[in-house]
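# Need coordinates for the below:
(chains A, B, C and D)
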2 protein chains.
Amino acid sequence: MTSLPSILGGLDPTSDRAVFRQIADQLREAIDRGRFKEGEKLPSEAELVEHYGVSRMTVRNSFSILQGEGLVHAEHGRGVFVRPRPPVRRLASDRFARRHREQGKSAFIVEADAAGSHPTVDSLEVKEEKAGQDVSTRLGSVRRVLARRRRYLLDGRPVEFATSYLPLDIARGTPIAEPNPGPGGIYARLEELGHQLDHFEEEIRARMPTPSEVKTLRLAPGVPVIHLIRTAFDTAGRAVEVCDTVMAADAYVLSYQLPAT
Amino acid sequence: MTSLPSILGGLDPTSDRAVFRQIADQLREAIDRGRFKEGEKLPSEAELVEHYGVSRMTVRNSFSILQGEGLVHAEHGRGVFVRPRPPVRRLASDRFARRHREQGKSAFIVEADAAGSHPTVDSLEVKEEKAGQDVSTRLGSVRRVLARRRRYLLDGRPVEFATSYLPLDIARGTPIAEPNPGPGGIYARLEELGHQLDHFEEEIRARMPTPSEVKTLRLAPGVPVIHLIRTAFDTAGRAVEVCDTVMAADAYVLSYQLPAT
DNA sequence: CATGCATACTCGTATAGACGAGTGGGCAAG
DNA sequence: CTTGCCCACTCGTCTATACGAGTATGCATG
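Purely as a prediction, here's the structure:
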């Protein structure tokens, strides 16, 4: 183990930059330079207190900055570690192409298998409920909807939480209202029911997670979520489904292909 | 002003939830319920110390949680305020359609004007430089590129920082290498130069900002960035431009339209 | 009336100390 | 050798205090 002073330097008392920021800066730089590698343990609070000659709260303050940036994570009783960048899942813009649907398996399963990961779907809930303001508007002023909630996991890690909303007059009494809608998912069923799909509209936001999202996605501090709202339109121009998806941002790259016409 | 106890309730000493989390929970809920409105000042640290009978650091700890969630922001000497949700800028997926280009103004200016905001572009830098690993790969192993850097502001607020990279054999000595490339932007110039555009590819990530991004975008704590990398392809299948964009996530909603074929 | 300063109130930074709780290694007892 | 406990080390939470610095308000002075 290399000695601390050789990695971390000292403080500049003349600087007007707060001490805890200077410490955070030095740790961040050391991480960026690879002096501390992914998954590696940073010096303990006590060691940094010793090295810099500051109080423990000041060191903790520095750590909390890095934690907020998603650079490190603390483990109670073990130490503070450089957060490994987890493998990412790519979502291609053609993931809902009919040709994929025709193969029967869901987009999530197919992609995960291809990437060599072990996909799971859990906490499936299917029920009728009152439509929220936003969903109601998007679906064209419907009052009640069928809601399909599910959570996706990759190698045991939750990465995505999604809810599909469908108008009752379309979904009630069909396979769509079943926990397992069958091969090709609900888009395949919609087309069988005569709702030929025309196009999708996707809205993307990024923000910090709510506490409840932190819980269901087991998010580390400093990890934002990608909030995607997709509306499916049939050839008659009617919105037949709204899918509200919250993804752990550190697990995803979205990819879109746009024509230049 | 309503009295604090009527809004905030007390602590549960039997709970194993940390005191500062309980306080954060109560404040968060009060904000969600609209007891504290956008832009409104929360009770001061001193008031909360009084109300809950805890030390100041504990209260500050609560605030720092809410700040990390992007719910509130502190102003030195003034107080802690509920962060207003700023007006968002929508990026439609047809924003690079040729018909828009033909009108001459840049997409950013047109959209901002339409939304009634006052758009600005600053810190324009145009220079030749060595291509980074990623850019080089995307452009097909070029070594040096023309880099065009600019920052976009809306009503004085920086919302986006973008860099375009173009292969030198395409851009050198053309209007693209000028600070102002002329009406329709560089895509119009590319087509005039014989590089008929075929399609774009966009990759989207979300993450917490680096300190340097916090600075140039003047980001509040708890605001993630959307990182968008767009590659433009001509009809010959060659990548003719890579545009690397970092956006303040609280200022944007991206919108894409996908065919269902 | 206008200016400017004093002052009270705000958050920012830092110290020092205390106890709790999770983790892991070593040692002693079986 | 295995089991189980103790202990050292780690981060988590909380208190109490101190001083600095930005903001706003009102009052005194000109």
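# Only C-alpha atoms from now on, for both contacts and neighbour counts.
OK.
# Got the phi and psi for the residue nearest to residue A:41 when sequence neighbours are not counted?
Of all residues not flanking residue A:41 in the chain, residue A:81 sits nearest, at 4.4 Å (C-alpha to C-alpha, 6 or more residues apart in numbering or on different chains). Per-residue torsions, residue A:81: phi -120, psi 150 (degrees, to the nearest 10).
# right, and residue A:81 touches residue A:70 too?
No. Using C-alpha atoms under 8 Å, residue A:81 makes no contact with residue A:70, being 11.0 Å away.
# Show me the common contact partners of these two, please.
Both residue A:81 and residue A:70 lack any common contact, where contact means C-alpha atoms under 8 Å, 6 or more residues apart in numbering or on different chains.
# What mean pLDDT does stretch A:125-138 get?
Averaging pLDDT along stretch A:125-138 gives 96.
# hmm, it in reach of chain B?
No. Using C-alpha under 8 Å from any C-alpha of the partner chain, stretch A:125-138 never reaches chain B; the gap is at least 14.3 Å.
# does residue A:176 sit in a helix, a strand or a coil?
Under the three-state scheme (DSSP: H, G, I helix; E, B strand; the rest coil), residue A:176 adopts helix.
# I'd assumed residue A:189 was in contact with it.
Yes. Using C-alpha under 8 Å, residue A:176 is in contact with residue A:189, at 6.8 Å.
# What is the neighbour count of residue A:98?
The number of residues packed near residue A:98 is 16, by other C-alpha atoms under 10 Å in any protein chain shown.
# Please name the residues that touch it.
B:260-261.
# mind giving me the domain split of chain A?
Domain assignment of chain A by automatic domain parsing yields the ranges A:4-82, A:89-255.
# Next, the buried residues of stretch A:82-92.
By neighbour count, with 16 or more other C-alpha atoms under 10 Å in any protein chain shown as the criterion, the buried positions of stretch A:82-92 are A:82-83, A:89-91.
# can you tell me how far residue A:152 sits from residue A:216?
10 Å (C-alpha to C-alpha, to the nearest Å).
# Nearest to chain B: which residue in the stretch 51-200 of chain A?
For the stretch 51-200 of chain A, the residue closest to chain B is residue A:199, as judged by C-alpha to the nearest C-alpha, at 4.3 Å.
# can you map out the helices along the stretch 51-200 of chain A?
In the stretch 51-200 of chain A, the helices defined using DSSP state H, counting those that start in this stretch lie at A:56-68, A:98-101, A:107-114, A:133-139, A:168-171, A:185-192.
# can you tell me the helix or strand for residue A:23?
Per DSSP states H and E: residue A:23 is located in helix A:19-32.
# Could you see whether DNA strand C lies near that helix?
Yes. Using C-alpha under 7 Å from any atom of the strand, we find that helix A:19-32 touches DNA strand C at A:19-21.
# Now tabulate these in JSON lines and tack on neighbour count.
Formatted as JSON lines, the residues of helix A:19-32 next to DNA strand C follow (neighbours: other C-alpha atoms under 10 Å in any protein chain shown):
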{"residue": "A:19", "neighbour count": "19"}
{"residue": "A:20", "neighbour count": "20"}
{"residue": "A:21", "neighbour count": "17"}
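# of residue A:152 and residue A:216, who's got more company?
Just comparing residue A:152 and residue A:216: by other C-alpha under 10 Å the higher neighbour count belongs to residue A:152, 21 against 13.
# and the spatially closest residue to the more buried one that is not a sequence neighbour, how many residues sit next to it?
In space, and not counting its chain neighbours, residue A:152 is closest to residue A:121: 4.6 Å by C-alpha to C-alpha, 6+ apart. Residues within reach of residue A:121, counting by other C-alpha under 10 Å, total 16.
# Make sure residue A:121 is actually in contact with residue A:151.
Yes. Assessed by C-alpha under 8 Å, residue A:121 is found in contact with residue A:151 at 5.6 Å.
# near DNA strand C, which residues of the stretch 1-150 of chain A show up?
Residues of the stretch 1-150 of chain A lying close to DNA strand C (C-alpha under 7 Å from any atom of the strand) are A:18-21, A:53-58, A:76-78.
# what bridges to the residue of the stretch 51-200 of chain A closest to chain B?
Beta bridges link residue A:199 to residue A:233, residue B:259, judged by DSSP bridges.
# Next, the contact list for it, please.
Counting by C-alpha under 8 Å, 6+ apart, residue A:199 touches A:232-235, B:257-261.
# do that again at 7 Å, thanks
By C-alpha atoms under 7 Å, 6 or more residues apart in numbering or on different chains, the residues touching residue A:199 are A:232-234, B:258-260.
# Among the residues you listed, name the buried ones.
A:232-234, B:258-260.
# Please tell me how far the residue in the stretch 151-261 of chain A positioned nearest to DNA strand D sits from residue A:229.
DNA strand D sits closest to residue A:221 of the stretch 151-261 of chain A, with a gap of 10.3 Å, by C-alpha to the nearest atom of the strand. Residue A:221 is 24 Å from residue A:229, where distance means C-alpha to C-alpha.
# and stretch A:228-244, which residues are buried?
So, applying 16+ other C-alpha under 10 Å, buried residues of stretch A:228-244: A:228-234, A:238-244.
# Now do it: distance from first to last residue.
End-to-end for stretch A:228-244, by C-alpha to C-alpha: 6 Å.
# residues in contact with that stretch?
So stretch A:228-244 is in contact with A:135, A:139, A:162-167, A:195-205, A:245-246, going by C-alpha under 7 Å, 6+ apart.
# let's go with 8 Å and repeat that
Contacts of stretch A:228-244 (C-alpha under 8 Å, 6+ apart): A:135, A:138-140, A:162-167, A:170, A:195-205, A:227, A:245-247.
# how about a markdown table for the contacts of residue A:199, with distance to DNA strand D and pLDDT added?
Putting those into a markdown table (distance: C-alpha to the nearest atom of the strand, whole Å; pLDDT from 0 to 100) gives the following:
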| residue | distance to DNA strand D | pLDDT |
| --- | --- | --- |
| A:232 | 43 | 97 |
| A:233 | 46 | 97 |
| A:234 | 49 | 96 |
| B:258 | 43 | 91 |
| B:259 | 46 | 91 |
| B:260 | 46 | 87 |
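# between the residues you listed, which is nearest residue A:113?
residue B:260 (23.3 Å; C-alpha to C-alpha).
# residue contacts, residue A:19?
A:11, A:58.
# Could I get the pLDDT score of it?
Predicted confidence (pLDDT) at residue A:19: the value is 97.
# Kindly provide the distance from it to residue A:101.
For residue A:19, the distance to residue A:101 - C-alpha to C-alpha - is 56 Å.
# Mind pulling up the pLDDT for the nearest residue to residue A:167 once chain neighbours are set aside?
For residue A:167, ignoring the flanking residues on the chain, the nearest one in space by C-alpha to C-alpha, 6+ apart is residue A:145 at 4.8 Å. As predicted, residue A:145 sits at a pLDDT of 97.
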